[in-house]
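Colleague: just the structure for this:
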Amino acid sequence: MDSQPVWIRARRIAGWLLPACTVLSTHAYAGGIEVRGTTTDVIFANGFEYVPPTLAKAFSPASVAANTPSVLTLTLDNTAANAPAMLTANLVDTLPTGLVITTPPNAATTCASGTASAIAGGGTLTLASGAQIPANGTCTATVSVVAATAATYTNMIPAGALQTNHGASPAPASADLAVTPASGCTPTQLFTDPGFETTDSGTMVNPWWPGTSTNFGVPFCSINVCGNGGGTAGPLSGVFWALFGGANGQAEDSSMEQTVTIPSTAPRYLNFWLRIGALGHIGAVLTVDVDGTIIATYPEPPSAEAIYTQRSINVSSYADDGSHTVRFHYNTSAGANSNFNVDFVRLECAPASVTTPLP
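Modeller: Below is the predicted model of the structure:
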């Protein structure tokens, strides 16, 4: 028997499948008959009914102040009970003018075999071809976005943009993000070089972040110079990061700091990314202080952390138009090695969108 599928234009009327007058090809195959139509038709293969997947989107929060991040979520829904739906083309969501991807982008997906990508400061989120929507289930693609100007931003994906082996999405997906004027807090980044990317690749000295280390001189690293600690250390993105620890069993005391003027237009939050990738179980601890007063303490967790997570500290009490020194300080005694990785340290008007509570 011919192995080619049958392609018949079809539509459903009152529960019955009625062929239309146009037959696109007439081949049978051993597994059954496949009937495929346009994006609004039902697809039948081997006796199963495949309704094309649908697409929905939402912002969370749906209303934010200017320069405050919101998370955009695309939800892909496959109602077919017997088979996953696989993307046959990239799904690209283009943001409206004025709405951009945050730094870092935080692009992610729950779709099997899927890759979500976005560029900081850019205007598109892409879910790559090959991602799979589970049978009778949903999966998502997410990214963080932000707008500097107060307005209502309507983000829409047209019908047919989601293309799969079960057909294309039959309807557009749309969501609104309401951005209100910022309430007094000027969002200008106060730290210079929050991602440590001006670090000298030879000396590892950063001109904006004075640092100390009893074993290495400074805490800044690149993979070329420091390695990755067997997968327990590395930057969140870019080339450089601050690595506290990694002293191969030696006692280590290290720090980095920067002095900034914090405007009196509160609130202000110290947001940064931290990954405690290796544990020595000997009392290693990272503290954060302002002008010598400790405001947060991060001891070793019960288990090592596989990824970076954002941490947030309210420093509004220091928003007084004065000059303040923000310092990260690490200390451990001799013994097993621990790795505390820090990257993207920022002073912002809102707490981090994904925050790990203090221990």
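Colleague: shaky segments in this structure?
Modeller: Across the chain, the ranges flagged by pLDDT under 70 are 1-49, 182-184, 354-359.
Colleague: now for residue 180, how many residues are close by?
Modeller: Residue 180 has 13 neighbours, counted by other C-beta atoms under 10 Å. Backbone N, C-alpha and C define where each C-beta goes, glycine included.
Colleague: list the beta-bridge partners for it.
Modeller: Counting by DSSP bridges, residue 180 forms beta bridges with residue 65.
Colleague: ok, now which ones touch it?
Modeller: 63-66, 150 (C-beta atoms under 8 Å, 6 or more residues apart in numbering).
Colleague: try residue 102
Modeller: Contacts of residue 102 by C-beta under 8 Å, 6+ apart are 69, 120, 144-146.
Colleague: for it, give me phi and psi.
Modeller: Phi and psi for residue 102, reported as degrees, to the nearest 10, are phi -80, psi 170.
Colleague: what separates the nearest residue to it once chain neighbours are set aside from residue 310, distance-wise?
Modeller: Among residues not flanking residue 102 along the chain, residue 144 sits closest, at 4.1 Å (C-beta to C-beta, 6 or more residues apart in numbering). According to C-beta to C-beta, to the nearest Å, residue 144 and residue 310 sit 10 Å apart.
Colleague: shared neighbours of these two, which are they?
Modeller: With C-beta under 8 Å, 6+ apart as the test, residue 144 and residue 310 both reach residue 353.
Colleague: next one: residue 220 from residue 66, what distance?
Modeller: Residue 220 is 33 Å from residue 66, by C-beta to C-beta.
Colleague: those two: who's more crowded?
Modeller: Neighbour count, other C-beta under 10 Å: between residue 220 and residue 66, residue 220 has more, with 23 against 18.
Colleague: any idea what the more buried one is bridged to?
Modeller: residue 242.
Colleague: quick one: it from residue 206, how far?
Modeller: From residue 220 to residue 206 the distance is 5 Å (C-beta to C-beta).
Colleague: for residue 262, what are its contacts?
Modeller: So residue 262 contacts 190, 268, 315, 318-322, 324, 347 (C-beta under 8 Å, 6+ apart).
Colleague: could you rerun that using 6 Å?
Modeller: Contacts for residue 262 (C-beta atoms under 6 Å, 6 or more residues apart in numbering) come out as 268, 318-319, 324.
Colleague: now list the buried members of those residues.
Modeller: With burial judged by 16 or more other C-beta atoms under 10 Å, the buried subset of the contacts of residue 262 is 268, 318-319, 324.
Colleague: partner residues bridging residue 75?
Modeller: With DSSP bridges applied, residue 75 shows beta-bridge pairing to residue 56, residue 140.
Colleague: and the strands in the stretch 101-250 of the chain?
Modeller: Ranges of strands in the stretch 101-250 of the chain, per DSSP state E, counting those that start in this stretch, are 108-109, 116-117, 124-127, 132-133, 137-147, 151-157, 163-164, 167-168, 173-180, 211-213, 220-222, 240-245.
Colleague: alright, calling it a day.
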